[in-house]
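**Student:** 3D model of this:
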Amino acid sequence: MTKTDRAHWNGCPTRYAAGIVGDKWCFLLMRDVLLHGKRTYSEFLSGPEGISTNILADRLSRLERNGLLDRRTDPRKGSRVCYFPTRKLRDLLPALLAMMVWSVKYDADTEAPDSFAASFVADPAATIAWYEADIDRVDQDILGAPAE
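**Tutor:** Predicted structure coming up:
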């Protein structure tokens, strides 16, 4: 896609979202940050999907450039970098969870527990609040204070 073509991705909300989060690896990294508490390169690399190092580095950079991840030195180990979800990424949490509920409904081989979709459908706000609190907990465990 040329620089001129990228300008045409603005305006339509679907194109905008797809241009930022439509890549499968970006989507999985967002899942790992928001739902699985992963923050470091090695944690992302160890995922079951088997992302390659060059793709991982590119997608982390893309998510950072688009304001979804905040890259910081790990205070626990200065030679390591952590990636924290920004408010912009956290605002995608309801959409991500809703898409997962949709997947549970139509994917006969889903790995999600039966309780996941039922809990979100019964009380989306409480489910979102639980994940938000967990994100805060992970970030506080690393930083010692809220990341936002």
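
**Student:** helices or strands next to the longest helix that the chain contains in the packing?
**Tutor:** The longest helix of the chain (DSSP state H) is helix 124-143. With contacts defined as 3 or more Cβ pairs under 8 Å, 6 or more residues apart in numbering; DSSP states H and E, the packing partners of helix 124-143 are helix 24-35, strand 81-85, helix 93-106, helix 114-122. Glycine gets a C-beta too; all of them are placed from N, C-alpha and C.

**Student:** Which residues in the last one does the neighbour count mark as buried?
**Tutor:** By neighbour count, with 16 or more other Cβ atoms under 10 Å as the criterion, the buried positions of helix 114-122 are 116, 117, 119, 120.

**Student:** The second one now?
**Tutor:** Residues of strand 81-85 classed as buried under the neighbour-count rule (16+ other Cβ under 10 Å) are 82, 83, 84, 85.

**Student:** Can you pull out the residues in contact with the following helix or strand past that strand?
**Tutor:** Counting by DSSP states H and E, the element after strand 81-85 in chain order, helix or strand, is helix 87-90. Residues from elsewhere that reach helix 87-90 (Cβ atoms under 8 Å, 6 or more residues apart in numbering): 30, 33, 34, 63, 66, 67, 68, 69, 132, 135, 148.

**Student:** Mark which of the residues you listed are buried, thanks.
**Tutor:** Neighbour-count burial (16+ other Cβ under 10 Å) applied to the contacts of helix 87-90 gives 30, 33, 34, 63, 68, 69, 135.

**Student:** residue ranges with poor pLDDT in the protein?
**Tutor:** Across the chain, residues meeting the criterion (pLDDT under 70) sit at 1-10, 145-148.
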